[in-house]
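A.B. asks: generate coordinates for the sequence data below:
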Amino acid sequence: MLVARPLHPGGAAPRAFSRLPICIEPPLQAVVAQVTADITLKSQRYVSQPAKIPSLPSPTGPGDIKRWSGLSGSAHGLAIAGLIRERGLCVVITADALSGQRLADELAFFLGDRPELTVAHLPDWETLPYDQFSPYQDIISERLSTLVALAEGALKGALIVPVTTALHRLMPATQLLGTSFLLEVGQKMDPSAFRRRLEKAGYGCVNQVLEHGDFAVRGALIDVYPMGSNEPVRIDLFDDEIDSLRLFDPETQRSGDVIERLHLLPARECPLDEDAITRFRHNWRQRFEGRASDCPVYKDVSAGMAPAGIE
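C.D. replies: Sure thing, here's the model as predicted:
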């Protein structure tokens, strides 16, 4: 039987009922057991069966346009995830950076069972034309990492690009891959030549490495914060050979985990080799009037330097 403990108006149970046992009579106990079993069964079905991805028409080739309608909320991400599973790499152009980041999070969720279908987001520079400053280094790092993955064919899922980002010209893939290089433990390396190569790739020499694009030389130790990397790397040389590669904390400067190889990307998207400088000078004279030598940007680029706002 079911025994209830009546409450006193003040909230406490009277002493007469304080020692009464509480039990559930058999009919009610059976109902509770049945409800619990139904909830468990439904939960198991929900977990074992993945979300059903709708089958929507997809383009069959260049110039073929398909329109999707009636989708709201996360249904856009679910439909695009189904297209990626069926067709492979897709480029998705979004209205702005915020919607692009939200879609990237949705696709990462819907494609969670397929880790090989990576989702990359090409962020906007977040600068205006003729701004006298360059984009934040972390933004350039993320862009270069995405572009290298795309050029090397490592991107298999989705590339999300805000429409404002799609309007910008990109660094040629051959130029991007040609200015990247790999370092491995045991490799021979000339410190002076390596420093010149870093400076040519756009890295800046500083006293202490704090952000992407920095490098510092202290005897046999070379600290560098590679573009596309989440942590800086400390290169320890033994004579002219790389003895070890270690990650380190930029705040405390303490060394951490050991790695076997380091992939160094260029520090900027604007090449400054001889051909690029010649092309820049020619295009400048074609587009702008007046004496080009009076402009600081023209003079800096002609000298092989990257001024703020070169993008």
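A.B. asks: so which bits of the host helix or strand of R195 are buried?
C.D. replies: When secondary structure is defined by DSSP states H and E, R195 falls within helix 191-200. By 16 or more other CB atoms under 10 Å, the buried positions in helix 191-200 come out as 194, 198. Every C-beta, even on glycine, is put in place using the N, C-alpha and C of the backbone.
A.B. asks: tell me, how many residues neighbour L177?
C.D. replies: By other CB atoms under 10 Å, 16 other residues sit near L177.
A.B. asks: repeat that for P57.
C.D. replies: P57, neighbours per other CB under 10 Å, totals 10.
A.B. asks: wait, H263 sits on A154?
C.D. replies: No. H263 is beyond contact range of A154, at 11.4 Å (criterion: CB atoms under 8 Å).
A.B. asks: kindly provide the distance from V297 to P62.
C.D. replies: V297 is 38 Å from P62, where distance means CB to CB, to the nearest Å.
A.B. asks: now do the SS call for V258.
C.D. replies: The three-state assignment at V258 reads strand, by DSSP: H, G, I helix; E, B strand; the rest coil.
A.B. asks: quick one: contacts for it?
C.D. replies: V258 makes contact with 244-246, according to CB atoms under 8 Å, 6 or more residues apart in numbering.
A.B. asks: please redo it, this time with the cut-off set to 6 Å
C.D. replies: Residues near V258 by CB atoms under 6 Å, 6 or more residues apart in numbering: R246.
A.B. asks: specify the beta-bridge partners of it.
C.D. replies: R246 (DSSP bridges).
A.B. asks: use 20 as the first number for this chain going forward.
C.D. replies: OK, 20 is where the count begins now, so the last one is V277.
A.B. asks: could you check the pLDDT of it?
C.D. replies: Model confidence at V277, given as pLDDT, is 92.
A.B. asks: okay, V316 and P81: which has more neighbours?
C.D. replies: The neighbour comparison of V316 against P81 (other CB under 10 Å) goes to V316, with 18 against 5.
A.B. asks: contact partners for that one?
C.D. replies: Counting by CB under 6 Å, 6+ apart, V316 has contacts P326.
A.B. asks: wait, a helix at it?
C.D. replies: Yes. With three-state DSSP as the criterion, V316 is part of a helix.
A.B. asks: tell me the phi and psi of P81?
C.D. replies: phi -60, psi 140 (degrees, to the nearest 10).
A.B. asks: pull the contacting residues for it.
C.D. replies: So P81 contacts nothing (CB under 6 Å, 6+ apart).
A.B. asks: so it versus L178, what's the distance?
C.D. replies: For P81, the distance to L178 - CB to CB - is 17 Å.
A.B. asks: the stretch 70-219 of the chain: strands as residue ranges?
C.D. replies: Assigned by DSSP state E, counting those that start in this stretch, the strands in the stretch 70-219 of the chain fall at 109-113, 138-140, 177-181, 200-203.
A.B. asks: of those strands, which is nearest A327?
C.D. replies: strand 177-181 (23.4 Å; CB to CB).
A.B. asks: for P78, which non-adjacent residue is closest in space?
C.D. replies: Once flanking residues are discounted, P78 sits nearest to K85: 5.4 Å by CB to CB, 6 or more residues apart in numbering.
A.B. asks: one step back: who's more crowded, H282 and A173?
C.D. replies: H282 (14 against 10).
A.B. asks: next, format the strands of the stretch 70-219 of the chain as CSV and append mean pLDDT, distance to V320 and mean neighbour count.
C.D. replies: Listed next are those as CSV, based on pLDDT from 0 to 100; distance: least, CB to CB, whole Å; neighbours: other CB atoms under 10 Å:
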stretch, mean pLDDT, distance to V320, mean neighbour count
strand 109-113, 91, 31, 17
strand 138-140, 91, 30, 22
strand 177-181, 93, 27, 23
strand 200-203, 89, 24, 14
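A.B. asks: G309 is nearest to which of these?
C.D. replies: Once the strands of the stretch 70-219 of the chain are compared by CB to CB, strand 177-181 is nearest, at 34.6 Å.
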